[in-house]
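**Student:** sequence first, then the predicted structure:
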Amino acid sequence: MSSVLPVDRSNESLRDSGATAPASPSGFWTNPWIQLFAGVVCMAMVANLQYGWTIFVNPIDAKFHWGKVAIQYTFTLFVLFETWLVPVEAYLADRYGPRLVVMAGGVLIAAAWIMYAHANTLTMLYTGGAVGGIGTGLVYGTCVGNAVKWFQDRRGLAAGLTAAGFGAGAAITVVPLTRSLAAHGYEATLIHFALLQGIVVLIAAMVLVKPPKGAALRRLNPRLVQTKIDLGPAQMLASPIFWVMYVAFILVGSSGLMAAAQLAPIANTFGIAKSSVTLFGFTGPALIFALSLNNLFNGLGRPIFGSLSDYIGREYTMFITFIGGALAMLALSKYGHNPALFVILAALIFLSWGDIYSIFPALTSDQFGRRFASTNYGFLYTAKGCAALFVPIGGYIAARTGNWTATLELAAAANIIAALLLVFVVRPLRMRELRQREASAAVAAAPAD
């Protein structure tokens, strides 16, 4: 798994020469856009396991009186299992193809919500969280990896649209979930949506296939630095580039997760949580308005910046968005007491933060190849789990200082450091490593004297 895979030496230049690539496989179901659409549908159906969980906490507590803190450990377990097992799950997808792996994920996400519905002990609730995390990881890691495999020349757009499905699913189903909860109770709602979402994933997963071996479905993007030599996880983990990317992911991921977790306390501290705001023809309380707009901007930013990275480069796009996110955080600390500015600045933070889930998968595939794209990104995705461990620091600093200024400044600094790492460390290292790799391949391909 860790060896460099044999490639077509006639087509191995660092930048594609523009020659015609081998023909794509024929057939409706093997059309790359159909593969992408199926992956987006699967992602939309697992989104509520993360984003919809919060609406069930109060009803569960009202029935069993376990305490909200104890109940919320379910979500912590969900995130840990969803994140840290992705490398193993993605390896299964690379090894056996995406269909069976995503179908298994569909079964597990349905089982998780059914377990929630019937849980009469915290142990059973926690078990459901672990099962749901495994199922979501199976779907998430596989669908993102499959997308970048099918779109070599537009990896940023493909990963962005797939990742956006994770947010879109929550936006589409949040109203039906809330209405069902009010009309039928949380147990019936969990069971009904478990079956609905699980069945849709099973159907969509039947479409998923990985690209045929040896087929260059699309030429590499001539605007980007991309390799055609596939490296396995062991080789990737031995590369310094991976670890710098990992640190950058943690820096931006922790600042974004902090903003997501602490937005309500920040709004309450500023005294504007319930202040009325009118924007874009809509009126609502500042905090509720911000939460709604954040989800929208978080989803929109992923394909927009993913597509932009296909044109100007991954590192440069992340530099722009990370700096933009830092400026929005600094502005929020200074001007967030204004309800309208609070809503707008929070949305800009989420707009810039979400692109790590579209551009990093594309960058990983650019640098380490297509064949093990799911597994390789799975290892990088564990940085999200590490980032989550730093989120409580923001609240701790705010408690010690009595305000959110230092926390937001620290988050902004993390974004700026990550932006500088991408442009001034990752990109030069990538260029050097790919030149060395290309030179080694050329020597190996040269005829013996």
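**Tutor:** Ah, there it is.
**Student:** can you list the domains in this protein?
**Tutor:** With automatic domain parsing as the criterion, the domains of the chain are listed as 24-213, 233-449.
**Student:** closest to residue 227 out of these?
**Tutor:** domain 233-449 (5.6 Å; Cβ to Cβ). In this view, the C-beta of every residue, glycine as well, is placed from N, C-alpha and C.
**Student:** could you check how far the closest one is from the centre of its chain?
**Tutor:** Centroid separation for domain 233-449 versus its chain: 10 Å, with Cα atoms, centre = their mean, to the nearest Å.
**Student:** still on that earlier bit, pipe the domains of the chain into a markdown table and attach mean pLDDT and mean neighbour count per row.
**Tutor:** Supplementary listing: the domains of the chain in a markdown table, determined by pLDDT from 0 to 100; neighbours: other Cβ atoms under 10 Å:
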| stretch | mean pLDDT | mean neighbour count |
| --- | --- | --- |
| domain 24-213 | 89 | 21 |
| domain 233-449 | 89 | 20 |
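**Student:** dump these to CSV, plus distance to residue 227.
**Tutor:** Formatted as CSV, the entries for those read as follows, by distance: least, Cβ to Cβ, whole Å:
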stretch, distance to residue 227
domain 24-213, 11
domain 233-449, 6
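**Student:** among the ones you listed, which comes closest to residue 225?
**Tutor:** When the domains of the chain are ranked by proximity to residue 225 (Cβ to Cβ), domain 233-449 comes first, at 6.1 Å.
**Student:** and the strands in the stretch 251-400 of the chain, which stretches?
**Tutor:** If you assign secondary structure with DSSP state E, counting those that start in this stretch, the strands in the stretch 251-400 of the chain sit at 276-279, 282-285.
**Student:** using CSV, please lay out those together with distance to residue 208.
**Tutor:** Converted to CSV, the strands of the stretch 251-400 of the chain look like this (distance: least, Cβ to Cβ, whole Å):
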stretch, distance to residue 208
strand 276-279, 39
strand 282-285, 37
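**Student:** between these, which gets nearest to residue 113?
**Tutor:** The closest of those to residue 113 is strand 282-285. By Cβ to Cβ, the value is 29.1 Å.
**Student:** tell me the helix or strand right after the strand or helix carrying residue 149.
**Tutor:** Following DSSP states H and E, the helix or strand that holds residue 149 is helix 122-150. Stepping forward along the backbone from helix 122-150, the first helix or strand reached (DSSP H and E) is helix 155-205.
**Student:** still on that earlier bit, next, the angle from the helix holding residue 149 to helix 155-205.
**Tutor:** 120 degrees (axes from the mean of the first three to the mean of the last three Cα atoms, to 10 degrees).
**Student:** returning to that earlier point: which one of the strands of the stretch 251-400 of the chain lies closest to residue 139?
**Tutor:** If you check each of the strands of the stretch 251-400 of the chain against residue 139 by Cβ to Cβ, strand 282-285 wins as the nearest, at 32.3 Å.
**Student:** residue 75 - nearest residue in space that isn't next to it in sequence?
**Tutor:** Of all residues not flanking residue 75 in the chain, residue 53 sits nearest, at 5.5 Å (Cβ to Cβ, 6 or more residues apart in numbering).
**Student:** where do the helices of the stretch 201-350 of the chain begin and end?
**Tutor:** For the stretch 201-350 of the chain, the helices defined by DSSP state H, counting those that start in this stretch cover 233-237, 240-270, 286-312, 314-335, 339-353.
**Student:** so can I have a markdown table of the ones you listed showing distance to residue 369?
**Tutor:** Formatted as a markdown table, the entries for the helices of the stretch 201-350 of the chain read as follows, by distance: least, Cβ to Cβ, whole Å:
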| stretch | distance to residue 369 |
| --- | --- |
| helix 233-237 | 9 |
| helix 240-270 | 13 |
| helix 286-312 | 18 |
| helix 314-335 | 15 |
| helix 339-353 | 27 |
